[in-house]
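Asks: Attaching a predicted model along with its sequence, questions to come.
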Amino acid sequence: EDKMKLLVAVAGNRMQIEDIQMRLNCLPSRWENIEIAMEAFNDMIEEQRERLKDQIDGLVMECESKIEKFFKRWDALKPNANSFESAKDLTSVSIAKMLEDIEEWRSQFEELEKESSTLQSNCEHFQMPVPPFEILSRTEEELDKTESEWQQLKEYREEWDTYVVLYRCVFVFSFLSLSL
């Protein structure tokens with residue numbers, strides 16, 4: 001009763017004691033309703049979480065399939081010297097074209113790498129097993145190796161072309177000096 005008098009005094013006689021008592025009596029049932037609503041909300045969140053996990057599993061399998069297909073295409077179509085009939089066909093232009101093709105492959109690979117990285121991060125976030133995407137690292141090694149080989153061939157070809165030009169100049173000058 002002292003608490004009621006205090007409430008009335010604080011409220012400034014604006015509220016009736018019966019009104020306050022009625023509200024206080026309703027408080028336990030309201031609190032119970034809030035707890036029920038929170039449990040339902042938690043259940044809904046957990047269902048959403050499980051659906052997201054299932055979606056991530058599907059995306060992981062799809063990404064693994066994409067990576068595998070990419071590797072198989074790369075393995076079958078990667079630039080190599082067998083694409084040319086003879087060494088004469090390995091011109092600076094054809095080598096530059098091969099390096100451009102490799103850059104295009106690299107761009108596609110980086111998209112797959114980004115997708116796989118995002119999926120790995122999502123798996124960590126949802127405390128799921130992180131997929132290793134093993135073929136991805138193998139593909140990267142193959143890309144690096146092939147790109148390095150063609151880059152070396154480009155450098156060699158540039159040096160060879162310079163040598164040929166210098167040799168011709170020396171030949172012409174020596175021929176002219178003999179003629180005089």
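Replies: Everything's here; your move.
Asks: before we move on, which element is the residue at minimal distance from the centre of the chain in?
Replies: In the chain, the centroid-proximal residue (Cα atoms, centre = their mean) is Lys114; its distance is 1.4 Å. Assigned by DSSP states H and E, Lys114 falls within helix 92-125.
Asks: ranges for the helices of this structure?
Replies: Along the chain, counting by DSSP state H, helices occupy 2-11, 17-77, 92-125, 134-179.
Asks: what number of residues lie near Glu68?
Replies: Neighbours of Glu68 under the rule other Cβ atoms under 10 Å: 14. The C-beta positions use only the backbone N, C-alpha and C, and glycine is treated the same way.
Asks: I misspoke; the intended subject was Met44.
Replies: Around Met44 there are 10 residues (other Cβ under 10 Å).
Asks: Also the one 10 residues further on?
Replies: Neighbours of Asp54 under the rule other Cβ under 10 Å: 10.
Asks: and what of Phe41?
Replies: Using other Cβ under 10 Å, Phe41 has 10 other residues around it.
Asks: what does Leu27 give?
Replies: Residues near Leu27, counting by other Cβ under 10 Å: 9.
Asks: Quick one: find the helix or strand in this structure with the lowest mean pLDDT.
Replies: helix 2-11 (a mean of 68; mean pLDDT, DSSP states H and E).
Asks: one step back: relative to Ser83, which of the helices of the chain is closest?
Replies: helix 92-125 (8.0 Å; Cβ to Cβ).
Asks: next one: the closest one to chain centre, how far?
Replies: Taking Cα atoms, centre = their mean, to the nearest Å, one finds helix 92-125 lying 10 Å from the centre of the chain it belongs to.
Asks: That one: which residues count as buried?
Replies: Neighbour counts over helix 92-125 (16 or more other Cβ atoms under 10 Å) mark 95, 98-99, 102, 105, 109, 112-113, 115-116, 119-120, 122-123 as buried.
Asks: hang on, the earlier thing: find the one among the helices of the chain with the highest mean neighbour count.
Replies: Across those, averaging neighbours per residue (mean count of other Cβ atoms under 10 Å) puts helix 92-125 on top, at a mean of 15.
Asks: For that one, which helices and strands make contact with it?
Replies: In terms of contacts (3 or more Cβ pairs under 8 Å, 6 or more residues apart in numbering; DSSP states H and E), helix 92-125 is packed against helix 17-77, helix 134-179.
Asks: Those helices into CSV, with extra columns for mean pLDDT and distance to Leu6?
Replies: Below are the helices and strands packed on helix 92-125 laid out as CSV (pLDDT from 0 to 100; distance: least, Cβ to Cβ, whole Å):
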stretch, mean pLDDT, distance to Leu6
helix 17-77, 91, 11
helix 134-179, 85, 70
